[in-house]
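1. no FASTA, just this:
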């Protein structure tokens, strides 16, 4: 008998730097608990929270800053299974996550502070162009990142990332 998989409700932030649209760069953080893993900020939705509320809380916890404007919300939830061999303290007891993605832009005066939370999620971060993002992001998230960003481009929320 096969057991039903358990997916953790989650939000994820596609963060455009405050230099957008002059320069189209995305925030990628290097996780502190999974070796060589670069990804967008993301996190669980607490009971009673809306996805947008969870997004703002998670940004404050993970990057020490929620000085952003929400530009758009991806219209669907995206589910994925955790890959075999990748372990994080936050994965148990789930088989994967179901995520709601938001496109946000940092305010010009926004200050990132990875040490603001008692258990830092990220140990480093970079702003990268789209092509770099698809090479640098952890392998099992690249197809989702491509899908979400291409949707935001198609809908006109991001200028053509390939010309940036």
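-> Here it is on my side, so go on. Because the structure is a prediction, the values reported are computed rather than measured.

2. hey, let's count contacts and neighbours off CA atoms from now on
-> OK.

3. now what about the helix or strand hosting residue 103, what contacts it?
-> Using DSSP states H and E, residue 103 falls within strand 96-106. Strand 96-106 is contacted by residues 5-18, 20, 51, 55, 67-74, 76-82, 148, 152 when judged by C-alpha atoms under 8 Å, 6 or more residues apart in numbering.

4. cool, stretch 9-22 as well?
-> 24-27, 40-45, 51, 54-55, 59, 97-108, 110, 127, 159.

5. start and end of it, how far apart?
-> End-to-end span of stretch 9-22 (C-alpha to C-alpha, to the nearest Å): 34 Å.

6. buried residues, stretch 10-25. List them.
-> 10-18, 20, 24-25 (16 or more other C-alpha atoms under 10 Å).

7. what comes up buried for stretch 64-79?
-> 64-68, 70, 72-74, 78-79.

8. ranges for the strands of this structure?
-> 7-16, 26-31, 38-39, 42-44, 68-73, 78-81, 96-106, 122-128 (DSSP state E).

9. least reliable of the ones you listed by average pLDDT, please.
-> When the strands of the chain are ranked by mean pLDDT, strand 78-81 comes last with a mean of 91.

10. show me what that strand is packed up against.
-> strand 96-106 (3 or more C-alpha pairs under 8 Å, 6 or more residues apart in numbering; DSSP states H and E).

11. most centrally placed residue in the chain?
-> Residue closest to the mean C-alpha point of the chain, counted by C-alpha atoms, centre = their mean, is residue 40 at 2.9 Å.
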